[in-house]
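Enquirer: got a predicted structure here, sequence first:
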Amino acid sequence: SFINYKELNEIIIPLSVTSIGERSFLGCIQLTEITIPTSITSIGNYAFSDCRKLKQIIIPLSVISIGDYAFSGCSSLTKILILSSVSSIGSYAFNKCTSLTQITIPSSVKSIGQNAFNECSSLNKITVPYSVVSFLSEVIKRIESIEVTGDIKYISNRLLEGCYTLKYISIPSSVNSIGEYVFRGCFSLIKISIPPNLNSIGCSAFDTCKSLERLTIPSSVSLIGDNAFNGCRKLKEIIIPSSVTSINDHAFSECQSLTQISIPSTVTSIGYSAFKGCTSLTQIIIPSSVNSIGSYAFCGCSSLIQISIPSFVTSIESDLFHGCSSLKEVSFSSSVTSIGDSAFYGCSSLAQIPIPSTVICIGNSAFCGCSKLEQILIPSSLTLIGSYLFHGCSSLKQISIPYSVTSIGDSAFYGCSSITQISI
């Protein structure tokens with residue numbers, strides 16, 4: 001071997017050699033170039049460790065394994081070509097290769113040892129077969145671009161969760177399902193190519209992808225899971241395909257840059273907090289096919305101006321429009337029978353609201369803080385005026401309480417400083 005042979009700067013290995021043994025060229029700090037012949041089948045542990053001036057290396061098709069620490073400390077190595085015969089890469093194989101910027105791992109690789117690319121501080125792009133992605137969790141959390149290869153159908157749960165520096169990812173067109181939490185916490189993710197035949201996006205798949213601005217969901221997708229795009233603060237535009245039948249809980253909550261969204265006529269339900277905190281959303285058209293809207297669905301949508309509730313919806317759930325401070329107009333049909341607690345709490349731009357005669361129950365604080373509400377007609381079907389129902393409705397001038405009402409809750413009209421007439 002040539003351990004610590006400090007004058008060696010170039011070497012040609014003859015064809016008669018079949019393996020490069022352990023520590024063969026360890027510490028050859030002047031070595032800049034080496035030719036590995038096609039007779040070599042393995043590169044041993046520490047074989048080229050600390051060859052600090054070695055800039056590039058081609059691993060021929062004959063090589064099956066790369067040992068532990070084989071190129072560790074090769075700090076000038078900028079390029080390495082691994083051909084498709086290699087089946088295993090050892091632990092710390094490329095440790096501290098600080099000049100290495102990108103690498104392609106062939107599909108022949110079946111195993112990658114612990115911290116194979118540890119402290120590769122310049123590595124920003126990796127092309128990797130899906131079969132070994134899970135072995136690279138540490139390095140993937142520090143790079144900007146990933147291309148996943150392989151004929152695969154499913155991306156497993158949490159595969160890239162917490163890869164906070166990841167900006168770009170390409171996944172195979174064969175993928176038809178993205179699992180749960182796959183990209184959650186990928187704060188820097190800007191762009192992702194969604195396969196054309198995708199049919200499902202799992203729960204929290206893109207949760208808190210704060211830099212994602214646009215995403216095209218293919219027409220093949222039928223399921224968008226809970227929290228799928230929760231906290232995607234820069235997401236400005238998204239088109240929901242007609243193959244989707246429900247918008248699940250928190251699906252788009254806290255998408256603060258989303259200005260408009262089109263819900264297809266195939267959707268029948270909108271889940272709990274589905275659009276909660278979408279502060280830039282000015283308009284949303286709910287199709288007539290929708291028959292249920294969950295609590296908090298539009299809570300905190302402070303730019304929403306107008307909304308119409310479809311005729312199949314029978315209940316305005318609690319906190320549905322809580323904090324929609326720009327909401328000026330709301331309409332719903334005679335099919336509505338109940339209005340939940342705090343349903344319109346803090347809707348400070350709402351001047352009037354037509355309550356259908358079919359409503360038999362209005363929850364506590366339903367209109368609390370509706371400071372521009374000037375008049376309201378309480379239907380004769382109502383028997384109870386709940387606590388804080390009109391609390392802080394400072395523009396309310398007159399109100400008529402029907403004979404059907406038998407109880408008025410605490411502070412129901414507290415702060416209604418403009419009331420001049422109450423008819424009981």
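Expert: Structure's in. What do you need?

Enquirer: going forward, measure contacts and count neighbours with C-alpha atoms only.
Expert: OK.

Enquirer: how far does stretch 237-245 stretch from start to finish?
Expert: Across stretch 237-245, the terminal residues are separated by 19 Å (Cα to Cα, to the nearest Å).

Enquirer: from what I can see residue 139 touches residue 117, true?
Expert: Yes. With contacts defined as Cα atoms under 8 Å, residue 139 counts as touching residue 117 at a distance of 6.2 Å.

Enquirer: more neighbours: which of the two?
Expert: Between residue 139 and residue 117, counting by other Cα atoms under 10 Å, residue 117 is the more crowded of the two (25 against 20).

Enquirer: element containing the most centrally placed residue in the chain?
Expert: Geometric centre of the chain, nearest residue: residue 206, 1.4 Å, by Cα atoms, centre = their mean. Assigned by DSSP states H and E, residue 206 belongs to no helix or strand.

Enquirer: so it touches residue 233, yeah?
Expert: No. Using Cα under 8 Å, residue 206 is not in contact with residue 233, being 11.3 Å away.

Enquirer: just the pLDDT at the residue nearest to residue 320 when sequence neighbours are not counted, thanks.
Expert: Using Cα to Cα, 6 or more residues apart in numbering and skipping the chain neighbours, the partner closest in space to residue 320 is residue 296 (4.3 Å). We note a pLDDT of 98 for residue 296 in this prediction.

Enquirer: contact partners for residue 296?
Expert: With contact taken as Cα atoms under 8 Å, 6 or more residues apart in numbering, residue 296 is in contact with 272, 273, 274, 276, 317, 318, 319, 320, 321, 322.

Enquirer: in contact with the fourth one, which residues?
Expert: Under the criterion of Cα under 8 Å, 6+ apart, the contact partners of residue 276 comprise 250, 252, 253, 254, 296, 297, 298, 299, 300, 301.

Enquirer: same question, the third one
Expert: Shown in contact with residue 274 (Cα under 8 Å, 6+ apart): 247, 248, 249, 250, 251, 252, 253, 294, 296, 297, 298.

Enquirer: kindly report the same for the first one.
Expert: Shown in contact with residue 272 (Cα under 8 Å, 6+ apart): 248, 249, 250, 293, 294, 295, 296, 297.

Enquirer: pLDDT weak spots in this protein?
Expert: Applying pLDDT under 70 to the chain picks out no residues at all.

Enquirer: what segments of it are helices?
Expert: For the chain, applying DSSP state H gives helices covering 137-140.

Enquirer: give me the distance between residue 190 and residue 96.
Expert: 28 Å.

Enquirer: please save the CA atoms from stretch 8-15 in CSV.
Expert: This file holds the C-alpha atoms of stretch 8-15, laid out as CSV (Å, rounded to 0.1, in the frame of the first residue of the first chain):
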residue,chain,number,x,y,z
LEU,A,8,2.5,10.6,-5.0
ASN,A,9,0.5,12.8,-7.4
GLU,A,10,-0.7,10.4,-10.1
ILE,A,11,-1.2,6.6,-10.3
ILE,A,12,-2.4,4.1,-12.9
ILE,A,13,-3.5,0.8,-11.5
PRO,A,14,-2.8,-2.1,-13.8
LEU,A,15,-5.6,-4.5,-15.1
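
Enquirer: so what touches that stretch?
Expert: Outside of stretch 8-15, the residues within contact range by Cα under 8 Å, 6+ apart are 28-40.
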